[in-house]
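Chemist: Here's a sequence, model it:
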Amino acid sequence: MNLLPLPAFADNYIWMLHNGRQAIVVDPGDAAPVLQALQAQGLQLQAILVTHHHADHVGGVDALRAATGAQVFGPARERIPEPLVRLAQGDSVDLLGLRFSVLDVPGHTAGHIAYYCPDMEGAPLLFCGDTLFSGGCGRLFEGTPTQMLASLDQLAALPGSTLVCCTHEYTLSNLKFARAVEPGNATLLHYSSHCTALRAQNQPTLPSRMALERDINPFLRVRETTVAAAAQGFDARVPQHDAVAVFAALRQWKNDF
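Modeler: Next up, the predicted model:
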């Protein structure tokens with residue numbers, strides 16, 4: 001299996017997974033990078049997976065469907081270009097010999113879903129759209145802090161070896177904020193240096209790993225004393241043992257950062 005982040009727009013990644021013959025793509029906001037990759041590698045597009053309705057994730061769906069005949073899968077409760085197979089928590093999709101379970105992860109949008117494969121050549125694989133980023137999380141455009149924290153908790157509970165395939169190269173800006181929250185986090189400082197070196201060579205920082213995210217991502221660490229104290233420093237009204245309140249304060253701080 002080959003897992004590739006195809007750059008699109010300013011900072012999007014369209015994830016492509018292929019076996020040398022057939023491919024799937026996730027959140028193709030633009031058809032052109034996908035068509036170019038398919039042609040260059042002689043691949044047939046089997047399926048398109050969509051996590052949510054934002055234009056930079058669905059803008060290329062119609063063109064790819066028309067050009068390749070690929071089947072489209074997407075969230076049950078969002079406006080996605082038809083025709084598609086609508087999915088929700090508990091559903092699964094079999095593609096490329098792999099089974100992807102569907103997770104409901106509302107917060108960034110009301111009907112956002114993620115796709116989780118427990119074993120892709122020995123490693124679990126997660127396509128999480130704009131819910132979880134390396135070092136960060138998506139803005140709350142439609143959901144509530146309670147929903148988003150529950151979604152992130154669900155993802156954080158996945159095995160530590162899980163490959164985390166986010167759809168934006170936001171890592172350096174996220175880590176700058178994370179260092180403001182936890183300036184003494186040695187793992188975070190090391191990871192920041194590593195990612196800075198990657199981006200200096202125009203290399204992607206993704207995929208990440210869930211175990212790493214649990215150690216460095218403040219939005220997965222809202223129950224840590226250091227993170228809660230930092231949230232209180234931003235907003236003194238935050239109860240330190242209220243995880244949702246800590247999360248909401250962190251998200252507002254990041255919005256303003």
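Chemist: Not counting its own residues, what contacts stretch 149-157?
Modeler: Residues from elsewhere that reach stretch 149-157 (C-beta atoms under 8 Å, 6 or more residues apart in numbering): 103-107, 112, 114, 126, 128, 131-132, 137, 143, 210, 213-214, 219-220, 222, 243-244, 247. For every residue, glycine as well, the C-beta is placed using N, CA and C.
Chemist: Among the residues you listed, which lie within strands?
Modeler: 103-104, 114, 126, 128, 132, 137 (DSSP state E).
Chemist: what's the closest non-adjacent residue to Q232?
Modeler: V238 (5.0 Å; C-beta to C-beta, 6 or more residues apart in numbering).
Chemist: Next: C137.
Modeler: Using C-beta to C-beta, 6+ apart and skipping the chain neighbours, the partner closest in space to C137 is F219 (4.3 Å).
Chemist: okay but the one you found is in contact with A248, surely?
Modeler: No - between F219 and A248 there is no contact, the gap being 10.7 Å when judged by C-beta atoms under 8 Å.
Chemist: more crowded one of these two?
Modeler: Using other C-beta atoms under 10 Å as the criterion, F219 and A248 rank with F219 on top: 26 against 21.
Chemist: Would you write out the PyMOL command that picks the buried residues out of the contacts of stretch 149-157?
Modeler: Burial among these is assessed by 16 or more other C-beta atoms under 10 Å; the matching PyMOL selection reads:
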select buried, resi 103+104+105+106+107+112+114+126+128+131+132+137+143+210+213+219+220+222+243+244+247
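Chemist: follow-up on the earlier one: how much space is there between the residue nearest to C137 and F127?
Modeler: As judged by C-beta to C-beta, to the nearest Å, F219 and F127 stand 18 Å apart.
Chemist: How about A10?
Modeler: From A10 over to F127 the distance is 20 Å, taken as C-beta to C-beta.
Chemist: Looking at the two, which has the bigger crowd around it?
Modeler: Each of A10 and F127 has its neighbours counted (other C-beta under 10 Å); F127 has more, 26 against 8.
Chemist: Per-residue pLDDT of the more buried one, please?
Modeler: pLDDT for F127: 98.
Chemist: cool, and Q240?
Modeler: 83.
Chemist: I'd assumed V246 was in contact with it.
Modeler: Yes - contact status for Q240 versus V246: in contact at 7.3 Å, counting by C-beta under 8 Å.
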